[in-house]
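[1] Turn this into a structure:
(one chain, ligands or ions: 1)
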Amino acid sequence: MSRTAFNERFPDDTACARFLLEKRWPQGFVCPACGGQKAWELATKRFTYECAACDRQTSVTAGTIFHRSHLDLLTWFQAIYAIASHSNGISALQLQVQLGLGSYKTAWLMLQKLRRAMIDPDRSLLEDVVEVDESDIPYRTKGDPIAGGQGRSAVGKLHFIGAIELSPDGHPRRIRLTPLQDFSASSISAFVSGAATPGATILSDGFSAYRSLKGYNHKPKVVGKMAAHMILPWIHRVFANFKRWALGTYHGVRKPHLQRYLEEFVFRWNRRRHMKSSFDMLFRLAAALPHAGYRQFVDQY
Ligand SMILES: [Zn+2]
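    Below is the predicted model of the structure:
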């Protein structure tokens, strides 16, 4: 969807509310309390409905990420559009400028909330042939200069693990990435069983932690001192792309947010050929997420 098309489709709050209404109740309003389908729109509050059976009042935003937000729907829609249409992602600062938001904190919180929407709860496990390996990325702390990098020694490294699904003829398809606490066999097999379907062929570098994988056709590719990017080329390409993207778009990752950065990257990678439908996809996932407050994002780490 081009920017012009977006602006024509969503000129104001009313258009956004109508769109949300249609997405939430495609067959017409259904009361979340009693299931009743007869309701009146309140004269005093637009897009809020009072159930004829139980009198419960339900706003079109109730139960969605947009609920109780001090930002209007149009701003949310513009943020979703900005995130979905920037093929490389957008920083909180860019979002603040582009949407004319009053504060950096507001932009940052919106981004965090929308990144949370980037995992499709209905997604299926990786199949066929799956390359798996671990990697790490240096992280920066609050005090580090944001644009720095020259000559600055890394304060530490964050470990993560990834998998990429290959078609039987070797073409890359979907990926998964997640932070890795340690290199124990249990951490690694927990990742594999959450990422790949039982019976898939797992290609690894032969690291001993993979030997205890159960239910998979495991093919360790131990090739002496040969570099891992030679024997597992696709997952290493993903790692390199992720690092370049994280450094370019976000100027490096901050420790508490690694998971969200990985999730955003996975979202973008898995839809790299369907960017046109990203707005609808991200909108659908965001609208299905319940409201979360600022504290939930700051406290959960
Ligand atoms: Zn009701």
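[2] so how far is residue 190 from the closest residue to residue 166 other than its chain neighbours?
    What sits nearest to residue 166 in space, not counting adjacent residues and going by CB to CB, 6 or more residues apart in numbering, is residue 129, at 4.3 Å. (Glycine included, C-beta is placed from N, CA and C.) Per CB to CB, to the nearest Å, residue 129 is found 21 Å from residue 190.
[3] okay, the two: which has more neighbours?
    Between residue 129 and residue 190, residue 129 has the larger neighbour count (other CB atoms under 10 Å), namely 21 against 15.
[4] Please name the bridge partners of the more buried one.
    Beta-bridge pairing for residue 129 (DSSP bridges): residue 166, residue 201.
[5] does it really touch residue 165, like I thought?
    Yes. In this structure, residue 129 is within contact of residue 165 by CB atoms under 8 Å, at 7.3 Å.
[6] Compute the number of surrounding residues for residue 70.
    The number of residues packed around residue 70, counting by other CB under 10 Å, is 7.
[7] Assign it to helix, strand or coil.
    What DSSP: H, G, I helix; E, B strand; the rest coil gives for residue 70 is coil.
[8] Next, give phi and psi for whatever residue of the stretch 101-250 of the chain ends up closest to the ion.
    Closest residue of the stretch 101-250 of the chain to the ion, CB to the ion: residue 121 (26.3 Å). Backbone torsions of residue 121, given as degrees, to the nearest 10, read phi -60, psi -20.
[9] and what of residue 163?
    Backbone torsions for residue 163, taken as degrees, to the nearest 10, come to phi -140, psi 140.
[10] neighbours of it, just the number please.
    By other CB under 10 Å, 27 other residues sit near residue 163.
[11] What separation do you get for it and residue 122?
    From residue 163 to residue 122 the distance is 18 Å (CB to CB).
[12] cool, residue 76 as well?
    Taken as CB to CB, the span from residue 76 to residue 122 is 22 Å.
[13] With residue 68 instead?
    26 Å.
[14] Please identify which of those two sits among more neighbours.
    Each of residue 68 and residue 122 has its neighbours counted (other CB under 10 Å); residue 68 has more, 10 against 6.
[15] List the backbone torsions phi and psi for the more buried one.
    In this entry, residue 68 is assigned phi and psi values of phi 60, psi 20 (degrees, to the nearest 10).
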